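[1] Sequence and computational prediction follow.
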Amino acid sequence: MREKLQGLYAITDEKLTPDEIVTLKVEEALVSGVKIIQYRNKSKSDDEVEHTCKALQTLCTKYGALFIIDDRPHLAQKIGSDGLHVGKDDMPLSQARAIFTKGIIGVSCYGSIKKAKEAEREGADYVAFGSFFASPTKPHSGIVSMSVLEKAKEQLNILVCAIGGIDATNIDLIEKYKPDMISCVSSVFDGNITQNILMLEKGMRR
């Protein structure tokens, strides 16, 4: 399963991919070649999104992709999702792992190599750094120097993900640092998904 933690990593958004259409949007991304999908919804309860998450897990399995749930360890455990992602305002990794006993766990580390090393010691499968550019979906995120990716690749033995404001115009700048994954939200799901993914992948090859 962990061998699929590479390449473009698409994250859903409550406004761009509301639950009423998220499965359609995600399937389009999967058909276009995305192999990692994260479901992110900060406003609804686990009960309210359980059906959607089950449908997304089924879709991802069908297309040979990973399905990761943001900040819902109990739900991830209940439906047997491929993975879980936790951030600074979520529960500690050790507590999340006690609930979500199997599968991938990723941790947001923003610009902190120290936090990433702690996550590695605690058993994280990957760590995410960012934002690297102004983010349409998280406008108040602090901007992190891209040099953190170079340091992370040198100092960590787990996989590294870049996130935050990455689109077709700047993804090549991130790719130079060789992160294992590059996460995108609006640059995947805002507009023509198939065309967006083609442009992102083209940028990754530049």
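    The structure has been received and is ready for your questions. Numbering: from 1, shown residues only.

[2] Check which residues of the top helix by length along the chain are buried.
    Counting by DSSP state H, the longest helix found in the chain is helix 46-62. By 16 or more other C-beta atoms under 10 Å, the buried positions in helix 46-62 come out as D46, V49, T52, C53, K54, L56, Q57, L59, C60. All C-beta atoms are positioned from the backbone trio N, CA, C, and that covers glycine.

[3] Measure how buried the nearest residue in space to the first one that is not next to it in sequence is and give me the count.
    In this case it means D46. Nearest non-adjacent residue to D46, counting by C-beta to C-beta, 6 or more residues apart in numbering: L75, 4.3 Å away. L75: 21 surrounding residues under other C-beta atoms under 10 Å.

[4] Any chance of JSON lines for the buried residues of helix 46-62, columns pLDDT and distance to K15?
    Formatted as JSON lines, the buried residues of helix 46-62 follow (pLDDT from 0 to 100; distance: C-beta to C-beta, whole Å):
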{"residue": "D46", "pLDDT": "98", "distance to K15": "20"}
{"residue": "V49", "pLDDT": "98", "distance to K15": "15"}
{"residue": "T52", "pLDDT": "98", "distance to K15": "15"}
{"residue": "C53", "pLDDT": "98", "distance to K15": "18"}
{"residue": "K54", "pLDDT": "98", "distance to K15": "22"}
{"residue": "L56", "pLDDT": "98", "distance to K15": "17"}
{"residue": "Q57", "pLDDT": "98", "distance to K15": "22"}
{"residue": "L59", "pLDDT": "98", "distance to K15": "21"}
{"residue": "C60", "pLDDT": "98", "distance to K15": "22"}
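
[5] Closest one of these to V22?
    T52 (6.2 Å; C-beta to C-beta).

[6] In contact with that closest one: list those residues for me.
    D19, V22, T23, Y39 (C-beta atoms under 8 Å, 6 or more residues apart in numbering).

[7] These: which two are farthest apart?
    Applying C-beta to C-beta across the contacts of T52, the maximum distance is between T23 and Y39, 10.3 Å.

[8] Let's verify V160: helix, strand, or coil?
    strand (DSSP: H, G, I helix; E, B strand; the rest coil).

[9] Bridged to it, which residues?
    With DSSP bridges as the criterion, V160 is bridged to V127.

[10] isn't it right next to F129, touching?
    Yes. Judged on C-beta atoms under 8 Å, V160 makes contact with F129 at a distance of 7.0 Å.

[11] picking up where we left off before, other SSEs contacting the helix or strand where the residue nearest to D46 lies?
    Assessed by DSSP states H and E, L75 sits inside helix 73-79. When contacts are defined as 3 or more C-beta pairs under 8 Å, 6 or more residues apart in numbering; DSSP states H and E, helix 73-79 packs onto helix 46-62, strand 83-86, helix 93-99.
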